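In: After the sequence you'll find the predicted model.
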Amino acid sequence: MNNNDTPTQKKKLFIKTYGCQMNSYDTRRMQDILRPLGYEPTETYEDADMAILNTCHIREKATDKVFSDLGRIRPHKEAKEKNGEKMVVAVAGCVAQAEGDVILSRARYVDLVFGPQTYHQLPEMIAQITGAYGKERIINTDFPAEEKFDKLPQENGVNGPSAFLSVQEGCDKFCTFCVVPYTRGSEYSRSAVSILDEAKRLVAAGARDITLLGQNVNAFHGEGSDGKTWGLGRLIRELNDIDGLARIRYTTSHPCDMQDDLITAHRDCEKLMPYLHLPVQSGSDNILKAMNRKHTAQSYLDMLARFRDVRPDIALSSDFIIGFPGETDQDFEDTMNLVEKVGYSLAYSFKYSPRPGTPAANMQNLVREDVKDKRLHALQALLSEQAVAFNQSFVGKTVKVLFDGRQTKQGHLHGRTEHNQAIHAEAPDRLFGQIVDVAVTSAGNTALHGKIVISDDELAA
Ligand code: 5AD
Ligand code: SF4
């Protein structure tokens, strides 16, 4: 580390986060690890001393997006260099993992490329490139997941009352369309003890709502305080006992890893919110088989029925892929039928895009783009109808809202209901971070509007 890198000198750190919540979590951890080196987060890259693009590779065009963002950053780096100043440009995340060498050869001004499992090594990597600045570039796409979780610093900053907590990473499921097993590596769970410690620290720093994150979060099997392996249900039961924590959620799950203990936790744990994101991807057994999902449409429906048994008001969510290779009109109809049967509160749907290196990328029988468009449009219309119906069923009712966002409009806050709906209301700023009773006055497909009744915290006061 040279003199310019002494911790006392303040530097500006810009991180752009693409993609999933796991990346948002990683961004926060990168900020934590760089803070002791003097890097303070900034919202713009123009004057940054270090710009990191924390990328996503799940669907196509991700790499193109990264290159166009890099192109925008480049003149600022060059302008700084003309003034004798430095700007470190780095690409992190799953595009870095999958296409690191392409990035380094196409963008000569990128100093650092590092994969999702190497963030804890950031200080060393920065020391190396800033020590011999302009002479050395680094690519680091190792897979020491275990080491990463052990070595990351304890987090300092909590951004408001809602926090993410990563409990497992990677995936061993190998759905044929998905890059995750290749970019994030095989499934690895943190120890339950370190997760509970982190949760307590987050709560002490002001978090009231924690979302447990993992690419396949219900595959979680971390070592517990008794030396035994705990599943996600057991972990949630322990989190439920943390004073000051009000809400727990988890995402994203796979139907085949669902254990009884997690289902019954929805009955037993009052802090576990009535919301489940359980992607099915398709309602056709032929397509599910080709996707290597290892479950059928019926076994998925049976699973949801078990959740509804223990928590009848549970809000259900899913991901769908439309136009997977070989998808026929009948296969698509099966998906529409499944959606009709379930009645989702909210769902995400995507056109299939081939990801290099995945088995589906070599499949024949591709679905024409215009057919994909038509099907996606029909599915999204149905999902939107269901979201509106779900949200409107709350109009006239009072819901508990955790206000976790400030709106640009003065005097308004936004928050989340227990069923994970976005909601806006006129509210004084002192209610930020509090759980408040709100009477729902109107609802659309993406959000509710309401009027404050009274806050739980005010009632307790
Ligand atoms: N094409 C389209 N959608 C995909 N997803 C993952 N890989 C692909 C792909 N190759 C979707 C899945 C997954 C979500 C995170 O992204 O629906 O659940
Ligand atoms: Fe990808 Fe999820 Fe399938 Fe794992 S379970 S391979 S993360 S889609």
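Out: The structure has been received and is ready for your questions. Residues are numbered from 1 along each chain as shown. Ligands and ions are numbered 1, 2, ... in the order given.
In: if I look at the residue nearest to Ser24 when sequence neighbours are not counted, how far off is ligand 2?
Out: Excluding the flanking residues, the one nearest Ser24 by C-beta to C-beta, 6 or more residues apart in numbering is Thr17, at 5.5 Å. Using the backbone N, CA and C atoms, a C-beta is placed for each residue, glycine as well. As judged by C-beta to the nearest ligand atom, to the nearest Å, Thr17 and ligand 2 stand 18 Å apart.
In: Which strand residues bridge Thr17?
Out: Asn54 (DSSP bridges).
In: cool, Leu112 as well?
Out: Ala90, Ile138.
In: who touches it in this structure?
Out: Val88, Val89, Ala90, Val91, Met125, Ile126, Ile129, Arg137, Ile138, Asn140 (C-beta atoms under 8 Å, 6 or more residues apart in numbering).
In: Would you agree the fourth one is in contact with Val102?
Out: No - Val91 sits out of contact with Val102 when judged by C-beta atoms under 8 Å, with a separation of 10.4 Å.
In: out of those two, which sits in the busier spot?
Out: Val91 (28 against 13; other C-beta atoms under 10 Å).
In: who's in contact with the more buried one?
Out: Ile52, Leu53, Thr55, Val66, Leu70, Gly100, Ile103, Val110, Leu112, Val113, Phe114.
In: Without its sequence neighbours, what residue ends up closest to the residue in the chain positioned nearest to ligand 1?
Out: Taking C-beta to the nearest ligand atom, ligand 1 has its nearest neighbour within the chain at Asp319, 3.3 Å off. Distance criterion C-beta to C-beta, 6+ apart; nearest residue to Asp319, sequence neighbours excluded, is Pro279 at 3.8 Å.
In: before we move on, what about Leu272?
Out: Closest to Leu272 by C-beta to C-beta, 6+ apart is Ile248, at 5.0 Å.
In: Secondary structure element holding the one you found?
Out: According to DSSP states H and E, Ile248 maps onto strand 247-251.
In: Among the contacts of Leu112, which pair sits farthest apart?
Out: Val89 and Asn140 (15.0 Å; C-beta to C-beta).
In: returning to what we had before: so the residue nearest to Asp319 sits against Ile321, correct?
Out: No - counting by C-beta under 8 Å, Pro279 stays clear of Ile321, with 9.0 Å between them.
In: So if I had to pick from the two, which one is more boxed in?
Out: Ile321 (26 against 20).
In: helices or strands next to the strand or helix carrying that one in the packing?
Out: If you go by DSSP H and E, Ile321 is part of strand 315-322. Applying 3 or more C-beta pairs under 8 Å, 6 or more residues apart in numbering; DSSP states H and E, we find strand 315-322 packed against strand 275-277, helix 329-342, strand 346-351, helix 369-392.
In: that older thread, and the strand holding Ile248, what does it pack onto?
Out: Under the contact rule (3+ C-beta pairs under 8 Å, 6+ apart), strand 247-251 is packed against strand 209-213, helix 232-239.
In: so the residue nearest to Asp319 sits in a strand?
Out: No - using DSSP: H, G, I helix; E, B strand; the rest coil, the assignment for Pro279 is coil, not a strand.
In: can you pull the contacts of it?
Out: Pro279 makes contacts with Thr252, Ser253, His254, Ser318, Asp319, Phe320, as judged by C-beta under 8 Å, 6+ apart.
In: where do the helices sit along the stretch 51-200 of the chain?
Out: Secondary structure of the stretch 51-200 of the chain (DSSP state H, counting those that start in this stretch): helices at 62-82, 93-106, 122-131, 145-151, 180-183, 192-204.
In: Whether the second one contacts ligand 1 - can you check?
Out: No - using C-beta under 6 Å from any ligand atom, no contact is recorded between helix 93-106 and ligand 1, whose separation bottoms out at 11.1 Å.
In: what does the average pLDDT come to for that helix?
Out: Mean pLDDT, helix 93-106: 90.
In: So for it, what gets flagged as buried?
Out: Buried residues in helix 93-106, counted by 16 or more other C-beta atoms under 10 Å: Gly93, Cys94, Val95, Ala96, Gln97, Ala98, Glu99, Gly100, Ile103, Leu104.
In: do stretch 164-181 as well
Out: 164-171, 173, 175-181.
In: next one: stretch 379-396
Out: For stretch 379-396, the neighbour count (16+ other C-beta under 10 Å) marks Leu379, Gln380, Leu382, Leu383, Gln386, Ala387, Phe390, Asn391, Phe394 as buried.
In: Which residues of the protein lie near ligand 2?
Out: Close to ligand 2, as judged by C-beta under 6 Å from any ligand atom, the chain has residues Cys171, Lys173, Phe174, Cys175, Cys178, Val180, Pro181, Gln215, Asn216, His254.
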